[in-house]
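Asks: model this:
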Amino acid sequence: MPKDASRPRRVAEQIQRELAELIQLDVKDPRVGMVTLTGVEVSADYAHAKVYFSLLGDQARVDAALNGLSSAAGFLRSQVAHRMKLRVMPMLHFIHDISIEQGARLDKLIADAIADDARHPSDD
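Replies: Numbering: from 1, shown residues only. Here you go, the predicted structure:
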């Protein structure tokens with residue numbers, strides 16, 4: 001009997017929703033601040049969950065938020081387990097998601113290239 005491949009994805013989506021609400025309403029750590037959860041990946045055995053987050057600011061602010069989230073991981077894990085009533089609640093591992101910053105950097109590079117082309121039209 002094949003396993004349902006969509007179940008880990010659904011569990012990850014539900015964990016993301018629950019964590020977003022908990023971080024916004026229940027985590028009082030000022031280091032966490034304006035963290036945005038961008039995704040959750042759950043391992044096949046449900047033992048671990050990678051929680052990706054983004055945050056505007058310099059590396060020191062990102063490091064502080066990561067430390068705050070890591071220190072709140074036990075509380076968050078127990079609250080999510082209670083809300084979702086899972087038999088096995090994954091360990092939460094927080095990872096800074098740099099894809100938004102990379103996208104913004106690429107957008108700026110493209111805009112600069114277009115502006116440079118407009119200033120220096122070719123003689124075609």
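
Asks: which secondary structure elements does the longest helix along the chain contact?
Replies: Longest helix in the chain by number of residues (criterion: DSSP state H): helix 59-84. Packing contacts for helix 59-84, counted by 3 or more C-beta pairs under 8 Å, 6 or more residues apart in numbering; DSSP states H and E, involve helix 6-25, strand 48-54, strand 91-96. For the C-beta atoms, the positions are set from N, CA and C on the backbone; glycine is no exception.

Asks: what's the closest of the ones you listed to Ser70?
Replies: Nearest of these to Ser70, taken as C-beta to C-beta: strand 91-96 at 5.9 Å.

Asks: How far away from the center of its chain is the closest one?
Replies: The gap between where strand 91-96 is centred and where its chain is centred comes out at 8 Å by C-alpha atoms, centre = their mean, to the nearest Å.

Asks: Following it in sequence, what is the next regular element?
Replies: Downstream of strand 91-96, the next assigned helix or strand under DSSP states H and E is helix 99-119.

Asks: list the helices and strands that next one packs on?
Replies: Looks like helix 99-119 contacts strand 48-54 (3+ C-beta pairs under 8 Å, 6+ apart).

Asks: what about 10 Å?
Replies: strand 36-42, strand 48-54 (3 or more C-beta pairs under 10 Å, 6 or more residues apart in numbering; DSSP states H and E).

Asks: And the contacts of it?
Replies: 36, 38-39, 52, 54-56, 62, 98 (C-beta atoms under 10 Å, 6 or more residues apart in numbering).
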